[in-house]
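Peer 1: I'll drop the sequence and a predicted model, then ask my questions.
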Amino acid sequence: QFIEKTALEIARSKKFSYKAVKKYFADVTEFKQPDFAVLNGYFDEEDDCEAKIKNLHNEIKNAKKIKDSAKTELLMAEPKKTDDQRKLARKASKVEMDKHAYFNRAAKVFLDAEKLMKQKENYSHFEEIEKMYWEIVALEEKRHTIKHLEELLDILYKDVNSAIEAGVITESELMLVKMKQNELKSGKIHLEGGIRLLKMNLFNTIGQGYTLVKDIADSLKPHIDNIVLSDRLSSLLPPSEYYIPEEEFAAGVTETELLEVMVEAKKLEKSLALGEYLPAAGVGISYGYSTFANSNHNAIGLATISIPISNWGKGSMKLKRLNNEIQKAVNEKEHLTSQLILQARQLWLNLTVAWEQMKVAEENLELAENTVYNQMSRFNAGLIPISDVLMNQTTLFEATENLIEKQIEYSKALTAYNGRKSK
């Protein structure tokens, strides 16, 4: 956050657009983006003239064909008038295109900064979307967990029922299994409602169409349950698959690009200021007549140099100040680069720690699953009561939820690591 705030403050404070335009604009009030509608108007005028000339030639041809000399004479002057109008429109369009080119050259560094700052402003918005996305993924993973537990309970229900028929246990133990099944059903209903609410919030934010009514669903607005997020926590790869060298990491983030733009902007400001105080040279040509070297005329070149001596002292101080600002911008870039490398190391550390915690959670889940299957075998052998099996299934559910939590943490750490790059 400190790095983002610093970069944004630097970018905002150094957008000196009105100073840069002096290279192409006589007055800073003229520095505004040209309207493409004006340019398109000239193009349309050219097209209209060309169409009119074509029609006039056809009319002249037809008039000659019917030998209407009066109409032919009347029309003969029109193509040239229209062609002159077309040339004026073409000349005006060239001037207008030059305006666009001048604006783009003068404003490029500032438009780049504006674009990068807009990208930074979207960070918080993207973070909100990311949070909603991973919450949905987590709940969808819990749906699989509940399904797995339902399958285990179905097996257990059959085993308990068989034990009752054999007279080994009483129906009270079957009641415990049914209560557990109903508990899972209730949790499943609550879970599906939560997934739909989060999806509605996410889709409304990103502009994804959807409907809650299956009968009116189509390709533009599919039923909300049929829109499945692509990420699956089981497909996560180890950190080594995503490693980025620290220098490459620092060079690729938006803050570095902003600072590079700021250095470029300061250099441009110096170049413009230097142009104000450098001597201005002009060349003129004078023609005269003589008989020298058997020539009827010759040319004399005249050169003039204007040296703004009165302003040079003031300009020297300004250039010195700009040199200091350029060096300051370079120093800021170097400092921020070192901060970004430190951030890269911190994000990498967070990523590796999250991966290790996820692997531990996977081991715990495997142990919990083995325990449940072992307890079910012991129950079938009449060694333990049904309550012990149900208790271990609860432990399995908790271990699964813990793994999902660690997988989400790793996914977020991975997004934070990869997401810092802007290129």
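Peer 2: Perfect, thanks for sending it.

Peer 1: C-alpha only now, for contacts and for neighbours.
Peer 2: Will do.

Peer 1: just the strands from the stretch 201-350 of the chain, written as ranges.
Peer 2: 280-288, 298-306 (DSSP state E, counting those that start in this stretch).

Peer 1: list the buried residues of stretch 67-84.
Peer 2: 72, 75, 78-79, 82-83 (16 or more other CA atoms under 10 Å).

Peer 1: and the furthest pair within the residues you listed?
Peer 2: Across the buried residues of stretch 67-84, no pair lies farther apart than Thr72 and Asp83, at 17.7 Å, counting by CA to CA.

Peer 1: shaky segments in the stretch 151-300 of the chain?
Peer 2: 232, 252-300 (pLDDT under 70).

Peer 1: apply 80 and report the result again.
Peer 2: The stretch 151-300 of the chain contains residues with pLDDT under 80 at 167-170, 230-235, 246-300.

Peer 1: ranges for the helices of it?
Peer 2: 171-206, 246-252, 254-277 (DSSP state H, counting those that start in this stretch).

Peer 1: check which residues of the first one are buried.
Peer 2: Judged by neighbour count using 16+ other CA under 10 Å, the buried positions of helix 171-206 are 173-174, 177, 180-181, 184, 188, 191, 194-195, 198-200, 202-203.

Peer 1: go on, stretch 156-172?
Peer 2: 156-157, 159-161, 163-164, 169.

Peer 1: what sits up against that stretch?
Peer 2: The contact list for stretch 156-172 (CA atoms under 8 Å, 6 or more residues apart in numbering) reads 173-174, 177-178, 376, 380, 382.

Peer 1: what comes up buried for the helix or strand encompassing Lys61?
Peer 2: Lys61 is part of helix 36-65 when elements are defined by DSSP states H and E. Neighbour counts over helix 36-65 (16+ other CA under 10 Å) mark 39, 42-43, 45-46, 49-50, 52-53, 56, 59-60, 63 as buried.

Peer 1: against which helices or strands is the helix or strand following it packed?
Peer 2: Under the assignment DSSP H and E, the closest C-terminal helix or strand after helix 36-65 is helix 69-76. For helix 69-76, the contact count by 3 or more CA pairs under 8 Å, 6 or more residues apart in numbering; DSSP states H and E identifies helix 36-65 as packing neighbours.

Peer 1: sorry, back to before: from the buried residues of helix 171-206, which is closest to Val213?
Peer 2: Among the buried residues of helix 171-206, Met200 lies closest to Val213 (CA to CA), at 13.2 Å.

Peer 1: got the contact list for that closest one?
Peer 2: Ile224.

Peer 1: Pro222 now?
Peer 2: 209-211, 214.

Peer 1: filter the residues you listed to the buried ones?
Peer 2: Buried among the contacts of Pro222 by 16+ other CA under 10 Å: 210-211.

Peer 1: and Val353, how many residues sit next to it?
Peer 2: Val353 has 16 neighbouring residues, counting by other CA atoms under 10 Å.
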